[in-house]
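>>> Predicted model follows, preceded by the sequence.
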Amino acid sequence: MKDFDAVDALLAGVAPEAELPAPEERVRLRETARLTKAQVARALGVSPTTLAAWESGREPAGETRTRYAYLLDGLSAKLDAPAEEPAPPDPTPPSSPTPFSVPASPSVAVATGPGGGVAEGDELAVPQPCVLCGHPARHEVEGFAQHLDPAECGGAAPTPRDREGGEPAPPPGDREGGESASPPGGRERPERARSQGKRFERERPKADRAASAARLRAFQEPAPTPLGTVQEAVREALVRHGGDTEAATADLVRTAIPDAMALLDMCRTGARYEIVGHPPLPGILRKKTSRGADEVWEARPKWTRPALPAGLQEITALDINGAYLSALKTHLPLGALEHHTGGVHDRRRAGVHLVTPPDWQHGEHLPNPLGSRDEPGPLWITEPTLRLLLRLSSPAYGLCEPPVVHESFTSGATENLLEKFRNTLRDARAAALVSEDEVTLEYVKAMYSKFVATMGESNFNRELYRPDWMHIIRSQAFANLWTKAYKAYEGGLTVVRAMGTDELHVIGDWRRVFPEGRGVSEVKVKDVYTAQEEG
C-alpha cells in the first residue's frame, strides 16, 4: 500500500495546474473588491511582496496557485455577475396636457423613487430655478430645486423679466423672425440644463459640500494601520483557538516570518526608497560550505572580567530588553554593494569593510568592541563595528587608535529604512505590556527575531535575501550592548560580564544608571548571585 501511496503522490504532483487570469485582471478583481494586498496575501499565506509579483506577471505554483485561482474565480463570480435589467418605463401618457414637450435626452434627469415614479421632495416657500431647466420649481430634491413632474420640466430658461413678474417670454416658436430659437430636436435645452446644473453646484455652500463629503467618508471602512494589523492577528488567533493562549501563541509564532514580511510591506507604503530583495553579493558574503560561514565578523561579545574586586561580591545579571528590535535602527545599504579601495570611510554609505583593527588596552575593565577574536591580522567587519571603533578612537573617547580600512563593499545608506517597521513592533509590544498580553509579546518577539535570522540564506524566507543586512543588524545589537557596558563603567559600576546581545553582569547600584522595567529602553533583572575572587 505504501508503494501505491507514493505513486498517487507522484500522479497528484503532475496534475494540470489551475488556470489564472491575466495579471491586469488579477489587479482589477482585487481593487474592484476593495481588498488590500495585505488582506489577500494573509488569506493566501504569503506576503504582499509575493502577491505584487503575481499581479506583475509571475506565476505561483502548487497548492498556493490553486488557492489563488479559487479566490480570483470567486471574486469574478461576485463582481462580474450580470446586473438586473431595469423595469420598462411606464407607457401611460400624462393626465394633463403640457404647454411644451420635454426632449427625450439622457442629459435631463429627474429624481425618481424606488418604483420608478417621481420622488417626493421638500416644498419650497419661494420658488427657485430648477436645476435642470431653469424655470421656477416649488420642490427641492437632494438640496436642489427641481420639478417633480417631468411634464413641467423643460423649455427655455426664463428671462429676468419673467422672474420679476412681467410679461411672459414668448414661446420658442414665436420669437422675432418666426423661427424657433432651438435647433431641430430640441438639443439646446439639455445643454442649458447641464450648464444650469454646474452653476448651481458651484453656488452650493461649501459647508453643505463638506457635510456631504463627511457623510460619504462615514460609510467607508477605515484603512488598516500597521499596529492594528498586528493586534487584529492576535485577536483572530485567539478566536480560532477558542481563547487558548498557548495554542494561539504557537500559531502566531509559526506564521511570524510571513507576517513580518507583510508588516514590512505595509510599513513601506509610500516610502522613498525601494528595498532590493536579491541584489548581487560579493563572494565574502557567501557561505563556503552549506553549514559553514561567510567571511564577515559580527563582533559578538563573549567577555568576562579577568579579576573581581576583593571580597564577596553581589553580582546582578541584567537582561537588555528587545535587543534585536532596537538594532533595527542602523545604517543599512539600499542597493547592490559596490567595491571601493582607498581607506576612506564615507558616512553616507554602509556595508562591510576589510580593516586592521587597533589594539585594545582596556580588557581588565571593558570588553573589546571587536568581540572575542584571538586571530591577528585584517578581517571583514560590518558598518556598526567600524563606526563604533571610529567613535572610540575620537578625541571624545580616546580609547584606541583608529582602524586601518583597506577596502569596502558599500552602497548608499539610511538609518531609517526599517524605522516604521521597528516603531510598529515597539508600540505593539508596549501596549501588550500595559495590558499584560503575553500572546502579543511572544508574537512580536518572534516577528523581529525571526525577521533578522532569516534574511540571510534561509529556506524559511525566500523573499528577502540580504545577508549583509543580517550581519549589520546583529552587529548593531552587539555594539549597543558594548555601549551599555561603557555606560555602566562610566556610571561607577564594575562590569563583570558581557555576553551575546542582551546579557550584562555588573556590581553596584545599577538602578542609578539604568531604568528598570520591560520597556525597550529599560533593563530587567535576570539573576542575582555572589562570587569571590579565588586565591
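That came in fine, so what should we check first?
>>> mind listing what residue 507 touches?
Neighbouring residues of residue 507 by Cβ atoms under 8 Å, 6 or more residues apart in numbering: 308-309, 313-316, 493-494, 496. For the C-beta atoms, the positions are set from N, CA and C on the backbone; glycine is no exception.
>>> Got the phi and psi for it?
With angles defined as degrees, to the nearest 10, residue 507 sits at phi -120, psi 130.
>>> Any idea what it is bridged to?
Assessed by DSSP bridges, residue 507 has beta-bridge partners residue 494.
>>> Residue 128 belongs to a strand, doesn't it?
Yes - applying DSSP: H, G, I helix; E, B strand; the rest coil, one finds residue 128 inside a strand.
>>> And the closest residue in space to it that isn't next to it in sequence, what's its pLDDT?
Spatial nearest neighbour of residue 128, chain neighbours left out: residue 145 (3.6 Å); criterion: Cβ to Cβ, 6 or more residues apart in numbering. Looking at residue 145, its pLDDT is 75.
>>> burial measure for residue 145, as a count.
By other Cβ atoms under 10 Å, the residues close to residue 145 number 22.
>>> cool, residue 233 as well?
23.
>>> heads up, I number from 24, so please use that
Sounds good: first residue 24 from here, last item residue 256.
>>> Which strands or helices does whichever strand or helix holds it pack on?
Using DSSP states H and E, residue 256 sits within helix 249-263. Packing partners of helix 249-263 (3 or more Cβ pairs under 8 Å, 6 or more residues apart in numbering; DSSP states H and E): helix 268-277, helix 279-290, helix 442-458, helix 461-476.
>>> I'd like those as JSON lines, with mean neighbour count appended.
Listed next are the helices and strands packed on helix 249-263 as JSON lines, based on neighbours: other Cβ atoms under 10 Å:
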{"stretch": "helix 268-277", "mean neighbour count": "17"}
{"stretch": "helix 279-290", "mean neighbour count": "23"}
{"stretch": "helix 442-458", "mean neighbour count": "18"}
{"stretch": "helix 461-476", "mean neighbour count": "21"}
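>>> Check those helices for me: which has the lowest mean pLDDT.
Across these, the lowest-scoring stretch is helix 279-290, with a mean of 91.
>>> partner strands of the following helix or strand past it, parallel or antiparallel?
Moving toward the C-terminus from helix 279-290, the next helix or strand (DSSP H and E) is strand 319-320. Using DSSP bridges, strand 319-320 pairs in its sheet with strand 402-405 (parallel).
>>> Mind checking the pLDDT average for the strand it pairs with?
Mean predicted lDDT for strand 402-405 stands at 96.
>>> Check stretch 309-322 too.
87.
>>> And the contacts of that stretch?
Against stretch 309-322 from outside (Cβ under 8 Å, 6+ apart): 307-308, 375, 392-394, 396, 402-405, 408, 480, 490-491, 494, 497-498, 501-502.
>>> hmm, try it at 7 Å
307-308, 375, 392-394, 396, 402-405, 408, 480, 490, 494, 497-498, 501 (Cβ atoms under 7 Å, 6 or more residues apart in numbering).
>>> still on that earlier bit, can you lay out the helices and strands packed on helix 249-263 as JSON lines showing distance to residue 148?
Formatted as JSON lines, the helices and strands packed on helix 249-263 follow (distance: least, Cβ to Cβ, whole Å):
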{"stretch": "helix 268-277", "distance to residue 148": "63"}
{"stretch": "helix 279-290", "distance to residue 148": "54"}
{"stretch": "helix 442-458", "distance to residue 148": "56"}
{"stretch": "helix 461-476", "distance to residue 148": "60"}
